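Student: Sequence below, structure please.
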Amino acid sequence: MDSTSIRDSYDAVADVYAQGFTADLASKPLDRAMLTALAEQVPHEGLVADVGCGPAQVACFRADLRVPVLGLDVSPGMVEVARARRPGLDVRVGSMLDLPLGDGELAGVVAFYSLIHLQVEERPLAYAEFARVLRPGGLLLAAFHAGQEVRRLDSWLDRPVALDFFALRPDEVSAGLAAAGFAVEATLIRGPYPGEADTERAYLLARRLG
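Tutor: Residues are numbered from 1 along each chain as shown. The predicted structure is shown next:
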């Protein structure tokens, strides 16, 4: 699976996905708590990027916390949905493997369930990009399905797709982030909420060293 497959798959489901997921944070108190913890630790003027933003449910939550926010997604269809949902929100097309941002431009990065589509060899590239665009002391909050399972979907939300979903081991993600220049400050593991897929979720809060 390559970035084209990810882009095309999310383009195919963008409208239906947005209908089902734009309000999902309302039923996820621990997700909101971790996002709020990040918001409380970044400077008020510091820009935070929501990488793999989808329909921008996380970006909108952060904007409501009065945190300057930028949404990035590899799928133009998702970007279009996000812009329609919150006119005026800065949402752009971009890949986490080549972020369209300058060195040290950000105070924070949020990557909620966007690492799960990366191949093993791509993950260090993403971690290095996060480190590049974060200023020293900047924060990264990553969320992902915990484990070692790989799921391949060729149909999702009644649309044809070609997507791999990788569950990730928190210790391996922590080690990868450390190699990229981060120090993990907090790890949270939770079980599924009602209506979610039956997997554990992991959240890592890490600080850019230097």
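
Student: Regarding residue 87, what is its secondary structure?
Tutor: Three-state call for residue 87 (DSSP: H, G, I helix; E, B strand; the rest coil): coil.

Student: Could you check how many residues crowd around it?
Tutor: A count of nearby residues for residue 87, using other Cβ atoms under 10 Å, gives 6. C-beta: built from backbone N, CA, C; applies to glycine.

Student: next helix or strand past the host helix or strand of residue 185?
Tutor: With elements taken from DSSP states H and E, the one containing residue 185 is strand 182-190. Following strand 182-190 in sequence order, the next helix or strand is strand 200-208 (DSSP H and E).

Student: neighbouring strands for that next one, and are they parallel or not?
Tutor: strand 134-146 (antiparallel), strand 182-190 (antiparallel) (DSSP bridges).

Student: Span of stretch 64-78 from start to end?
Tutor: Using Cα to Cα, to the nearest Å, one end of stretch 64-78 lies 20 Å from the other.

Student: same question for that stretch, mean pLDDT?
Tutor: For stretch 64-78, the mean pLDDT works out to 93.

Student: Wasn't residue 16 part of a strand?
Tutor: No. Counting by three-state DSSP, residue 16 falls outside a strand, being helix.

Student: wait, what's in contact with it?
Tutor: 157, 158, 159 (Cβ atoms under 8 Å, 6 or more residues apart in numbering).

Student: The same query, at a cut-off of 10 Å, please.
Tutor: By Cβ atoms under 10 Å, 6 or more residues apart in numbering, residue 16 lies in contact with 156, 157, 158, 159.

Student: Restricted to buried residues, select those in ChimeraX.
Tutor: Buried members of these, defined by 16 or more other Cβ atoms under 10 Å, are picked up in ChimeraX with:
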select :156
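
Student: Which member of the contacts of residue 16 is positioned nearest residue 65?
Tutor: residue 157 (29.2 Å; Cβ to Cβ).

Student: measure the closest one to residue 114 for me?
Tutor: Distance, residue 157 to residue 114, by Cβ to Cβ, to the nearest Å: 18 Å.
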